[in-house]
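Enquirer: Give me a model of this one.
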Amino acid sequence: MGPRHGDEFNLIEPGLNYGWPVVSNGDQYSGVEIPDHDTRPEFAAPKAYWVPSIAPSGLVIYSGDKFPQWKGNAFIGGLAGQALVRVELNGTKATEVERLKWFQRVREVEQGPDGYLWVLEDLDGGRLLKLSPAG
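Expert: Predicted coordinates:
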């Protein structure tokens, strides 16, 4: 989670500096601009970022067998985005490929030992939902 907007998905590698708070794709909450990553090449740019913010809340890299087409994809809960965001990972590239609108703040996403995805909503009486393949 970054500043006001500019949430980042970074590939963490030893010795790299990702720039926060010197660079970002967002702005300070006060409205003061923060220079973008491309202005400071010494900082590693994120592989994906979100403007406006999704307010990430939980992340899992799917490794189960229930959704074989999603193996190796990242799933990120979105508080402000009220969505479950699917990010396809291909080598060092990360691309948002799907945003499942939830219409509730998503607090957490996890993979169960059985390979199903579990999503927890963030509200009083929020649901814990097990995602399973259609059919």
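Enquirer: and this protein, what are its domains?
Expert: Domain assignment for the chain by automatic domain parsing gives 1-53, 55-135.
Enquirer: Which of these has the lowest mean pLDDT?
Expert: The weakest mean pLDDT among these belongs to domain 1-53, with a mean of 91.
Enquirer: Contact partners for Leu128?
Expert: Neighbour list for Leu128: Trp118, Val119, Leu120, Glu121 [criterion: CB atoms under 8 Å, 6 or more residues apart in numbering]. For glycine as for every other residue, the C-beta is placed from the backbone atoms N, C-alpha and C.
Enquirer: ok, 7 Å please
Expert: Contact partners of Leu128, counting by CB atoms under 7 Å, 6 or more residues apart in numbering, are Trp118, Leu120.
Enquirer: what does the one 4 residues further on give?
Expert: Ser132 makes contact with Lys66, Tyr116 under the criterion CB under 7 Å, 6+ apart.
Enquirer: Could you check how far it is from Leu117?
Expert: Look at Ser132 and Leu117: by CB to CB, to the nearest Å, they are 8 Å apart.
Enquirer: three-state assignment of the residue nearest the centre of the chain?
Expert: Centrality entry for the chain: nearest residue to the mean C-alpha point is Ile76, 4.0 Å, by CA atoms, centre = their mean. Under DSSP: H, G, I helix; E, B strand; the rest coil, Ile76 falls in the strand class.
Enquirer: Now the helix or strand that contains Gly58: buried residues?
Expert: Assigned by DSSP states H and E, Gly58 belongs to strand 56-61. If you call a residue buried by 16 or more other CB atoms under 10 Å, then strand 56-61 has these buried ones: Pro56, Ser57, Gly58, Val60.
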